[in-house]
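Asks: What would the 3D arrangement of this be:
(chains A and B)
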Amino acid sequence: EAGVAQSPRYKIIEKRQSVAFWCNPISGHATLYWYQQILGQGPKLLIQFQNNGVVDDSQLPKDRFSAERLKGVDSTLKIQPAKLEDSAVYLCASSGLSAGELFFGEGSRLTVL
Amino acid sequence: AQSVTQLGSHVSVSEGALVLLRCNYSSSVPPYLFWYVQYPNQGLQLLLKYTTGATLVKGINGFEAEFKKSETSFHLTKPSAHMSDAAEYFCAVSESGGYQKVTFGTGTKLQVIP
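Replies: Down below sits the predicted model:
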């Protein structure tokens, strides 16, 4: 069974530029999560999808971050414009029927200069 | 609202010694509790989980954790540390029912000294 795929693994941009991250969850998993992990901290939930609907985006900075999950499969997270404090690892995870059991991708590390 | 608190951002143990990583939770409904492990430059991997039933749960790599409702705790233990256990460990909580929102603690980095 293929795991959660994320790309790119690494991205370096300057502040005020834009960036997009892509995630392909495990086949059949209805729930998809985007977490932000700043160095030395635990993952913080940015947005959670159930199929292609948003169930929680309370911590997503909506003035600069956006996310979509078209057709209930893969998802894209966009940041525009980026700030220095957006430097972090962006983790995508998916889950199926087993409550709370998340399968994570390797993450996308963003450095904003 | 749900949350977890992990005591100690860094823990050092000698190889062969007991590993104890502490986690306390807060939840307004019966919780589901998890421990995840993260190796450098990798995503998180599930170590073990408690949902219902037996309060002592066993996970991969010899780890186990005990759900204590009276203490709102879910501490992670391993009788004998191995060098390969060096990693960062995250406690997490999800409320039973609802949309499976999972909230993570701030993590504990385990160092194993030879």
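Asks: hey, let's count contacts and neighbours off CA atoms from now on
Replies: OK.
Asks: residues from chain B in reach of chain A?
Replies: B:32, B:34, B:41-46, B:49, B:90, B:94, B:96, B:99-107 (CA under 8 Å from any CA of the partner chain).
Asks: Mind giving me the ChimeraX command for buried ones among the residues you listed?
Replies: Here is the ChimeraX command that picks out the buried ones among these, judged by 16 or more other CA atoms under 10 Å in any protein chain shown:
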select /B:32,34,43,44,45,46,49,90,94,96,99,100,101,102,103,104,105,106,107
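Asks: Following the helix or strand of chain A with the lowest mean pLDDT in sequence, what is the next regular element?
Replies: Scoring the helices and strands of chain A by mean pLDDT, DSSP states H and E places strand A:53-56 at the bottom, with a mean of 92. Toward the C-terminal end, the helix or strand that comes next after strand A:53-56 (DSSP states H and E) is strand A:65-68.
Asks: Wait, A:Pro8 touches A:Val19, no?
Replies: No. Counting by CA atoms under 8 Å, A:Pro8 stays clear of A:Val19, with 10.1 Å between them.
Asks: ok, now how distant is the residue nearest the centre of chain A from chain B?
Replies: For chain A, the residue sitting closest to the mean C-alpha position, by CA atoms, centre = their mean, is A:Trp34 at 3.1 Å. Note on A:Trp34: its distance to chain B, by CA to the nearest CA, to the nearest Å, is 11 Å.
Asks: Which residue, neighbours along the chain excluded, lies closest to that residue?
Replies: Excluding its sequence neighbours, the residue lying closest to A:Trp34 (CA to CA, 6 or more residues apart in numbering or on different chains) is A:Cys92, at 4.7 Å.
Asks: Next: B:Leu46.
Replies: Leaving aside its sequence neighbours, B:Leu46 sits nearest to B:Tyr36 (CA to CA, 6+ apart; 4.5 Å).
Asks: Next, the distance between the ends of stretch A:59-68.
Replies: Across stretch A:59-68, the terminal residues are separated by 15 Å (CA to CA, to the nearest Å).
Asks: Can you give me the buried ones in it?
Replies: Going by 16+ other CA under 10 Å, stretch A:59-68 has these buried residues: A:60, A:65-68.
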